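Novice: Fold the following for me, if possible:
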Amino acid sequence: MRLLFILVFFSFLAYADLSIQKVWKDYKERFIESSGRIIDPHNNNVTHTEGIGYALYFAYKMNDDEAFRKVYQWGKQNIKLNGYELPGWKWGKNKHKNCWCMLDMTSATDANLWIAYSLLLMYDKTGFSEYKQKADEIIDSIKKHQIVYTRKGEVYLFPYEKEIMDDDEWKLNPSYLIFEIFEYFAEYDNDPVWNKLIKSSKIFLKRTRFSALQLNPDWVTYKPYADRFVLEKEYQNFGFDAIRVPLYILRSNLSVAQKKELLLPYKYYVQMMRTQPLGVVKLKDGLISMYDFSFGNVAVYRYIARFYGYDYSLFDKILENRIKQYNEDYYAYSLYLLTILH
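Specialist: Numbering: from 1, shown residues only. Sure thing, here's the model as predicted:
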């Protein structure tokens with residue numbers, strides 16, 4: 001009986017490993033060109049630095065050094081630095097200039113975090129000093145231009161450079177709070193700013209819960225002089241961006257008690273999904289969409305359900321079907337991989 005259990009257990013591990021290998025193979029075939037460029041088919045085949053950061057992390061986790069090198073080299077050769085020594089976030093076809101080139105030189109903070117984090121992980125593995133040097137440069141620039149202290153001593157992560165942010169209204173993105181990266185940088189960089197950012201981010205997430213469901217929005221506006229958070233004018237939903245809030249909480253090294261405290265609204269939200277996954281929530285009026293969700297959302301819901309020990313068979317079934325139907329959704333694939341590669 002014991003031998004049978006061991007055989008079944010290792011068969012399961014082998015199956016799980018093959019499944020992850022297949023997902024990674026599909027991801028590379030669909031979204032990483034032979035040159036190493038990451039494409040977003042749903043967005044005119046542009047390349048975002050977010051996509052570069054995700055791909056580098058996935059390649060590291062999958063021990064795919066060749067893919068890592070190609071993605072890194074393509075980014076090094078094509079993504080330009082702006083005046084703040086940070087990479088512009090968007091590259092694609094410029095119809096006016098008739099070129100494939102930089103489209104937006106504003107720098108996306110979450111992308112910078114993923115890129116620097118992945119480079120350091122790969123440096124630890126390979127000892128290739130260029131990865132460490134580049135990561136250090138990005139981290140220094142994030143601290144100089146994308147992190148801000150308030151008068152009360154709290155630390156906020158800006159979604160882009162603070163120099164182009166309004167003084168009296170800060171547009172912030174809760175899904176850019178990637179705790180696992182802050183935790184890693186706190187040990188690596190030995191700068192107290194990262195632990196302060198972790199502490200402030202937990203407070204921030206609890207203060208930016210809206211509607212009766214108390215979910216975090218895609219974007220939120222902070223009025224520093226009034227110390228008040230309000231829903232952002234254009235992006236008032238728990239939706240495309242904010243689905244990463246519970247994902248990054250779950251991926252963190254926070255204690256189980258801290259995770260449960262931050263995840264409480266998402267626990268209740270997933271409990272509502274008895275027969276049907278739910279999608280975007282309009283936080284201003286509390287309306288819930290039954291249709292506006294990707295298989296990436298479903299993967300995150302499954303992740304939450306597994307954390308709480310709930311039955312997640314509904315999510316498994318829908319996830320399998322929707323991956324087949326929407327296999328050109330780069331962002332959904334990325335969310336899915338983030339739930340299984342940790």
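Novice: burial of the closest residue to E169 other than its chain neighbours, as a residue count?
Specialist: Excluding the flanking residues, the one nearest E169 by CB to CB, 6 or more residues apart in numbering is T221, at 5.5 Å. Every C-beta, even on glycine, is put in place using the N, C-alpha and C of the backbone. T221 has 18 neighbours, counted by other CB atoms under 10 Å.
Novice: My reading is that T221 lies in a helix. Confirm?
Specialist: No - under DSSP: H, G, I helix; E, B strand; the rest coil, T221 sits outside any helix and is assigned strand.
Novice: What separation do you get for it and R151?
Specialist: 18 Å (CB to CB, to the nearest Å).
Novice: In contact with H48: list those residues for me.
Specialist: Going by CB atoms under 8 Å, 6 or more residues apart in numbering, H48 touches I38, D40, W89, K90, W91, A108, A111.
Novice: Grab the most central residue of the chain for me.
Specialist: R244 (5.7 Å; CA atoms, centre = their mean).
Novice: Do I have it right that it meets L205?
Specialist: No - using CB atoms under 8 Å, R244 is not in contact with L205; the gap is 11.8 Å.
Novice: related to what we said a few turns ago, hey, what's the residue nearest to E169 bridged with?
Specialist: Beta-bridge pairing for T221 (DSSP bridges): K171, V230.
Novice: OK, contacts around it?
Specialist: By CB under 8 Å, 6+ apart, T221 lies in contact with E169, W170, K171, L172, F229, V230, L231, E232, K233.
Novice: Swap in 10 Å and give it another go.
Specialist: For T221, the contacting residues are 166, 169-172, 208, 228-233, 235, by CB atoms under 10 Å, 6 or more residues apart in numbering.
Novice: Mind giving me the ChimeraX select for the residues you listed, buried ones only?
Specialist: This is the ChimeraX syntax for the buried subset of the contacts of T221, where burial follows 16 or more other CB atoms under 10 Å:
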select :170,171,172,208,229,231,232,235
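Novice: Including pLDDT and distance to D189, could the contacts of T221 go into a markdown table?
Specialist: Formatted as a markdown table, the contacts of T221 follow (pLDDT from 0 to 100; distance: CB to CB, whole Å):
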| residue | pLDDT | distance to D189 |
| --- | --- | --- |
| D166 | 94 | 29 |
| E169 | 95 | 30 |
| W170 | 97 | 24 |
| K171 | 97 | 26 |
| L172 | 98 | 22 |
| T208 | 98 | 26 |
| R228 | 96 | 31 |
| F229 | 97 | 28 |
| V230 | 97 | 33 |
| L231 | 96 | 33 |
| E232 | 91 | 30 |
| K233 | 86 | 35 |
| Y235 | 93 | 31 |
